[in-house]
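S.K.: Here you go, sequence then predicted model.
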Protein chains: 2
Amino acid sequence: MVKNMTTDIEIADAAQMQPIADIAAKLGLSSDDIEQYGHYKAKINLPVKKVAGKKHKLILVTGINPTSAGEGKSTVLVGLGDAMNQLGHQTTIAMREPSMGPVFGIKGGATGGGYSQVIPMEDSNLHFTGDMHALTSANNTLAALVDNYIMRDNELGLDPRRIIWRRVEDVNDRALRNVVTGLGGIMQGVPRETGFDITAASELMAILCLSKDLHDLKERIGRIVVGYTYGKEPVTVDQLGFTGAIALLLKDAIKPNLVQTLDHTPAIIHGGPFANIAHGCNSVIATRAAMATSDYTVTEAGFGADLGAEKFLDIKRPVLGKTPDAVVIVATVRALKLNGGVNAKELTEENIPALKNGLANLKRHVKNMQQYGLPVVVAINHFTTDTDEEIKTIADACSELGVQGIEADAWAKGGQGTQELAKAVVKLADEESEFKPLYNKEDSIEDKLNAVATKIYGAKRVVLSTKAKKQLKRFEELGWNDLPVCIAKTQYSFTDDQTKLGAPNDFDFHIRDLVPKLGAGFIVALSGTMMTMPGLAKHPAAENMDIDDNGQISGLF
Amino acid sequence: MVKNMTTDIEIADAAQMQPIADIAAKLGLSSDDIEQYGHYKAKINLPVKKVAGKKHKLILVTGINPTSAGEGKSTVLVGLGDAMNQLGHQTTIAMREPSMGPVFGIKGGATGGGYSQVIPMEDSNLHFTGDMHALTSANNTLAALVDNYIMRDNELGLDPRRIIWRRVEDVNDRALRNVVTGLGGIMQGVPRETGFDITAASELMAILCLSKDLHDLKERIGRIVVGYTYGKEPVTVDQLGFTGAIALLLKDAIKPNLVQTLDHTPAIIHGGPFANIAHGCNSVIATRAAMATSDYTVTEAGFGADLGAEKFLDIKRPVLGKTPDAVVIVATVRALKLNGGVNAKELTEENIPALKNGLANLKRHVKNMQQYGLPVVVAINHFTTDTDEEIKTIADACSELGVQGIEADAWAKGGQGTQELAKAVVKLADEESEFKPLYNKEDSIEDKLNAVATKIYGAKRVVLSTKAKKQLKRFEELGWNDLPVCIAKTQYSFTDDQTKLGAPNDFDFHIRDLVPKLGAGFIVALSGTMMTMPGLAKHPAAENMDIDDNGQISGLF
């Protein structure tokens, strides 16, 4: 690899990619099994056949509560995948697709960084193979059909005030959070209050990610509740007759996408729900495709283990039909110091007392995963400002918890910097473990909310708003009790207040609103002030982006 | 070809496609010159080299004022391209990309029909290679950046009431025509009235279609006027600093797309502005790519010659740098009877008097094209209900105008049904002709509007609303006089009233609003009640669409 590069895009641009057909061959897929999108991207045709003699092991990468810059979870994941292949353990990584909202907003891409990246980087972070756009388009076609329905005969008596199907965009656009549509007179529709979410938070995104196949996708679309009648009865997409059209719009999006890492590890990237405002896991179809063709599949769940991993285990796992064989929790010195009370601007200075204070956050995440009965290893993601003493402090704390804490330097060294972690992961994944669910299907929705809040977040109890209480009562009447819960919560804190770092205890956890997602198969619970449409920063990343006359890109990280 | 098929999708599904690399080879393009999207679609890398020894002739296909079902202009175009190749004249067709709004709404696709279709049909009519979505995404990212700008320091003093940049969607959604955004309080943006257009009517679509290359695209994006300051000065994208990010989002969309017809004629499909509410022509880059590599390029301009062809000649031609060598005007017995006063439900019955009455519409379109100095041929697109007497009546009328009227049966017979037309077109394209512009660049905007309205539509004069008069005055002060005009008008009538069929004379033509599109390089003039966002029918096409568990599609035409 060429060194002395400064930005992710420069490193990615300098990479030698292998033809995507060669990457597919590593999974036993022929050129008939894929549809190429250019030379280095492909969609994998369904179904993907299980390759006999593989180990089919699954590794879940998650993290602690991060700083606003993120803790390099994707970078560690990519480096880990490369390291495992370098050590002779045949491995595929399965990740989410980046959303363009954050790319043009503030956060940067979701395809790793430095020498642990998925490539082609710019394509993966922009329109990719069009899945996000297909979802946006399907979502908004349904919205238009619903609005058209209520301005026509409206035979089912769908109440304009009770339509819960919102429009979406893959853009961070706060001005669309709350809008009034249908203005302008009789021929312009029925005026009503509504809003837009980011595509990553849409029910169709969750459906895409939780469907087993096209048949399941259609059934889930048909079950979507778009709103209620004047008599307060739910109205589904099947009742309106739009299931086929919406499924048709997702016929290609349902196929998982194949790309590669800088070190040519196969990377299946598919589906991209955020973990704070959605369920935070890549698609079941993609994870299954990776597992079917590989000894080891390394996948991730967004943000901290309180969000992504909890949702992986309580929402995705039952559909996937597979429990992770090992869990990697990514921690950084920086994030632990932040959790320990250090100001965000002083994270580069050594501060052992603050670090020790912040370790409470890591400890809770480790114990949470152990609570599910899962084998855990901690990856200490290396930053150049870390001191040896700081790293040792974390490793010691891990030992006290009975888990290994291993430094990983995926950003600067790629798979070479992640081999110790890889060895520990492979060993851990071979151990026996028994999964213990957090709650049971039969529990009431309120009990499920309390289970997550008390056992995972450390809350004293869940406090429901008056509105949420009413909703719960109605959901029970409607027989929606069997569904798991998907809590929308800040990624910065175990609580519903993003300023409360570390590992708070004995707090009330507030739920203000519930949204039934019958197609996805869960009940969304909105906590605190969590928004399902992000905004842009004062100086959005877009300000620095450019493309020259020859197509050379700059400013994309 | 297998006969006894009933629907377009069945015929398309039964077709044997050639690998897209083989189609590219017909244009002298190697596999390095294209990026495959699956086996049968590709993007063509830029720039496309001019192949020496080719004739580089250009044929423009346009039509008369149609019925609501359309007159099969695309079908004739595809059949004509196939016929020319069958006769040994190396031909490429260059068309617009379909918009999903009408596909799920009412009209059906824009890729021909019957045995004259572009394939893969379902892909071309759905997400295709993502160009529409890239435009939607770029447009709405800019909108979000603008709304974010006004809620921050707003250093330029952009007036929220004077922002003219609207959001877009590739969906027919009337409820989004007029909306209020930014509701919900201080952190949710600045409340203001705005609306959504269909993507096909967006300025970015026009920019994509009129750009010569990436450099030109960026310059045009930079010139977009998003609104005005409190002091009523225009604010451009360059001033806001967002040019690079928006251009970056269009880096792939700017490349033309290659597919094929049922008879394997290369089809370059790129850009899709509607001709009623936009400029109605495929991209300059695509038309140039076809001309550079072919003896004959057959391209189209939307709806009747009053819309598409006028805009092709007055807006696209100056950028393209090429005048059509021949013009084909597509007419049908049905549409002429409709223009002659027959009720839409009785078009299948022979009615010679009504047909003769309706011929006034065809005559005006023919004379309009002759007015530009262009050689014209009329294609009488065959429908099974046409009688011999009706066909003869049209052909006779054409003779009186000094042009040929030739029956074409592209739908049922493909290129075999279009060979007489092809021979006439090739002969016509070899004739000398001299282009006469309708107006001059230096003319005032009002004079340009009057030139189109009186010379093409047959109006007595243009009547501007009070608002439009004020706008014109301001545009003159700002030095925007040099731009051509792009009139948004109903496709059903020469007037601004869609119920006035045939060839009305001496009417007032009303302009209610003007929109400066500095990036596209024209001034849009909205006439009558023309909407830039279509609505859905009472029973949208979406109701009949389906996809089964094996991916088999039905109801898509």
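M.R.: Received, thanks. Numbering: from 1, shown residues only, chains lettered A, B, ... in the order given.

S.K.: where does the stretch 401-550 of chain A come near chain B, residue by residue?
M.R.: A:535-536, A:538, A:540, A:542-547, A:549-550 (Cβ under 8 Å from any Cβ of the partner chain). In this view, the C-beta of every residue, glycine as well, is placed from N, C-alpha and C.

S.K.: Mean pLDDT per helix and strand in chain A: which one sits at the bottom?
M.R.: helix A:8-14 (a mean of 82; mean pLDDT, DSSP states H and E).

S.K.: Show me what it is packed against.
M.R.: Contact analysis of helix A:8-14 by 3 or more Cβ pairs under 8 Å, 6 or more residues apart in numbering or on different chains; DSSP states H and E lists strand A:116-119, helix A:121-125 as its packing neighbours.

S.K.: State the mean pLDDT of the longest one.
M.R.: The average of the pLDDT scores along helix A:121-125 is 85.

S.K.: and the helix or strand encompassing A:Thr136, how far out from the chain's middle?
M.R.: A:Thr136 is part of helix A:131-151, with elements assigned from DSSP states H and E. Here helix A:131-151 is found 23 Å from its chain centre; the criterion is Cα atoms, centre = their mean, to the nearest Å.

S.K.: What helices and strands are in contact with it?
M.R.: Using 3+ Cβ pairs under 8 Å, 6+ apart: helix A:131-151 touches strand A:158-163, strand A:167-169, helix A:203-210, strand A:225-229, helix A:237-240, helix A:243-248, helix B:100-104, helix B:131-151.

S.K.: Can you give the strand pairings for the fourth one, parallel or anti for each?
M.R.: Paired neighbours of strand A:225-229 in the sheet (DSSP bridges): strand A:158-163 (antiparallel), strand A:234-236 (antiparallel).

S.K.: Now the terminal residues of stretch A:210-217, how far apart.
M.R.: With Cα to Cα, to the nearest Å as the measure, stretch A:210-217 spans 8 Å from end to end.

S.K.: Can you say which of the strands paired with strand A:225-229 is packed in most?
M.R.: With neighbours defined as mean count of other Cβ atoms under 10 Å in any protein chain shown, these peak in mean count at strand A:234-236, which reaches a mean of 20.

S.K.: ok, and what's touching that strand?
M.R.: Identification of contacts with strand A:234-236 by Cβ atoms under 8 Å, 6 or more residues apart in numbering or on different chains yields A:156, A:158, A:222-229, A:478, A:516, A:518.

S.K.: Between the strands paired with strand A:225-229, which one is closest to A:Glu35.
M.R.: strand A:234-236 (32.1 Å; Cβ to Cβ).

S.K.: So A:Thr277 sits against A:Ala201, correct?
M.R.: Heads up, residue A:277 is Ile, not Thr. Yes - under the criterion of Cβ atoms under 8 Å, A:Ile277 makes contact with A:Ala201 at 4.5 Å.

S.K.: shared neighbours of the two, anything?
M.R.: Common neighbours of A:Ile277 and A:Ala201 (Cβ under 8 Å, 6+ apart) are A:Thr532.

S.K.: tell me the phi and psi of A:Leu156?
M.R.: A:Leu156 adopts backbone torsions of phi -80, psi -10, taken as degrees, to the nearest 10.

S.K.: what's the burial count for it?
M.R.: By the criterion of other Cβ atoms under 10 Å in any protein chain shown, A:Leu156 has 17 neighbours.

S.K.: Tell me which helix or strand comes right after the least confident helix or strand of chain A.
M.R.: Beyond helix A:8-14 toward the C-terminal end (DSSP H and E), the next one is helix A:20-25.

S.K.: how far does that next one sit from the chain's center?
M.R.: Using Cα atoms, centre = their mean, the offset of helix A:20-25 from its chain centre is 26 Å.

S.K.: Could you list the buried residues of it?
M.R.: A:20-21, A:23-25 (16 or more other Cβ atoms under 10 Å in any protein chain shown).

S.K.: Mind putting these into a markdown table with pLDDT and distance to chain B?
M.R.: Converted to a markdown table, the buried residues of helix A:20-25 look like this (pLDDT from 0 to 100; distance: Cβ to the nearest Cβ, whole Å):
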| residue | pLDDT | distance to chain B |
| --- | --- | --- |
| A:Ile20 | 96 | 10 |
| A:Ala21 | 96 | 11 |
| A:Ile23 | 98 | 16 |
| A:Ala24 | 98 | 14 |
| A:Ala25 | 97 | 18 |
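
S.K.: would you turn these into TSV with distance to A:Gly555?
M.R.: Below are the buried residues of helix A:20-25 laid out as TSV (distance: Cβ to Cβ, whole Å):
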residue	distance to A:Gly555
A:Ile20	27
A:Ala21	32
A:Ile23	28
A:Ala24	32
A:Ala25	35
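
S.K.: Need the residue closest to the centroid of chain A.
M.R.: In chain A, the C-alpha nearest the mean C-alpha coordinate belongs to A:Gly280, at 2.6 Å (Cα atoms, centre = their mean).

S.K.: show me the contacts for it.
M.R.: A:96, A:273-274, A:301-303, A:307-308, A:311-312.

S.K.: thought A:Asp306 was touching A:Phe494?
M.R.: Yes - between A:Asp306 and A:Phe494 there is a contact under Cβ under 8 Å: 5.7 Å.

S.K.: Now the common contact residues for the two.
M.R.: By Cβ under 8 Å, 6+ apart, the residues touching both A:Asp306 and A:Phe494 are A:65, A:456-457.

S.K.: tell me the domain ranges of chain A?
M.R.: With domains defined by automatic domain parsing, chain A comprises A:8-130+A:253-429, A:131-248, A:445-527.

S.K.: Next, count neighbours for A:Leu313.
M.R.: Neighbours around A:Leu313, by other Cβ under 10 Å: 28.

S.K.: so what's the closest residue to A:Leu501 other than its chain neighbours up against?
M.R.: Closest residue in space to A:Leu501, ignoring its immediate chain neighbours: A:Asn339 at 4.6 Å, by Cβ to Cβ, 6 or more residues apart in numbering or on different chains. A:Asn339 makes contact with A:64-65, A:357-358, A:360-361, A:501-503, according to Cβ under 8 Å, 6+ apart.

S.K.: could you redo the last one with a cut-off of 10 Å?
M.R.: A:Asn339 is in contact with A:64-67, A:331, A:354-355, A:357-362, A:492-494, A:501-503, counting by Cβ atoms under 10 Å, 6 or more residues apart in numbering or on different chains.

S.K.: Which pLDDT value belongs to it?
M.R.: 96.

S.K.: same check, this time on A:Leu307
M.R.: Reading off the model, A:Leu307 has pLDDT 96.

S.K.: That one contacts A:Asn368, correct?
M.R.: No - with contact defined as Cβ atoms under 10 Å, A:Leu307 does not reach A:Asn368; the gap is 11.2 Å.

S.K.: before we move on, back to that, mind checking which of the contacts of A:Asn339 land in helices?
M.R.: A:354-355, A:357-362 (DSSP state H).

S.K.: Perfect, that will be all.
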